[in-house]
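> Need coordinates for the below:
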Amino acid sequence: MVEKLQCFTMKGSSMLWISIVTDINGVACIICPWHKYKISLQTGEGYYQAIDPKHLRKPPSWKSKGVKQRTHEVLADNGNIYVKLSSCDRKLDSDYYYSDQYKEIMKNMKR
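Model prediction:
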């Protein structure tokens, strides 16, 4: 599974193909070079490090924000790359940045 190659908040202006894929608690994640968001390549789940305010000496632990980004199945075969788009019909945070509402807001900001 692979993430869309753009940050879900940047509407295509973020080049995640230059970002880092790293292991977070055994999960392969991509890190947005601008926002430092950590998103699972497998599930689209967002991760953050939480600090327990009652136990400040305890090291931070990784927590999930839930699924934030759509993922798509990718197959590389004999030099060709095939992408099967997600069949998830549930709305995700990343969908907002492709909505007419968001496009209208951005259009009005440029005025």
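
> and the helix or strand where residue 104 lies, average pLDDT?
Counting by DSSP states H and E, the element that carries residue 104 is helix 100-109. Mean pLDDT, computed over helix 100-109, is 87.

> Burial check on the residue lying closest to residue 69 once chain neighbours are set aside, number of neighbours?
Nearest residue to residue 69, sequence neighbours excluded (C-beta to C-beta, 6 or more residues apart in numbering): residue 44, at 4.1 Å. Glycine gets a C-beta too; all of them are placed from N, C-alpha and C. By the criterion of other C-beta atoms under 10 Å, residue 44 has 23 neighbours.

> pretty sure residue 44 contacts residue 71?
Yes. Contact criterion C-beta atoms under 8 Å: residue 44 and residue 71 qualify, at 4.6 Å.

> For the protein, give me the ranges with low pLDDT.
Applying pLDDT under 70 to the chain flags residues 1-19.

> Mind jotting down where the strands sit in this structure?
2-3, 20-24, 27-31, 38-40, 45-50, 61-67, 71-77, 80-84 (DSSP state E).

> a markdown table for those strands, including mean neighbour count and distance to residue 95?
Formatted as a markdown table, the strands of the chain follow (neighbours: other C-beta atoms under 10 Å; distance: least, C-beta to C-beta, whole Å):
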| stretch | mean neighbour count | distance to residue 95 |
| --- | --- | --- |
| strand 2-3 | 19 | 14 |
| strand 20-24 | 11 | 23 |
| strand 27-31 | 18 | 18 |
| strand 38-40 | 23 | 14 |
| strand 45-50 | 16 | 14 |
| strand 61-67 | 13 | 11 |
| strand 71-77 | 12 | 13 |
| strand 80-84 | 9 | 18 |
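
> can you redo the ones you listed as CSV with distance to residue 105?
Conversion of those to CSV gives the following (distance: least, C-beta to C-beta, whole Å):
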stretch, distance to residue 105
strand 2-3, 24
strand 20-24, 30
strand 27-31, 26
strand 38-40, 23
strand 45-50, 22
strand 61-67, 23
strand 71-77, 26
strand 80-84, 29
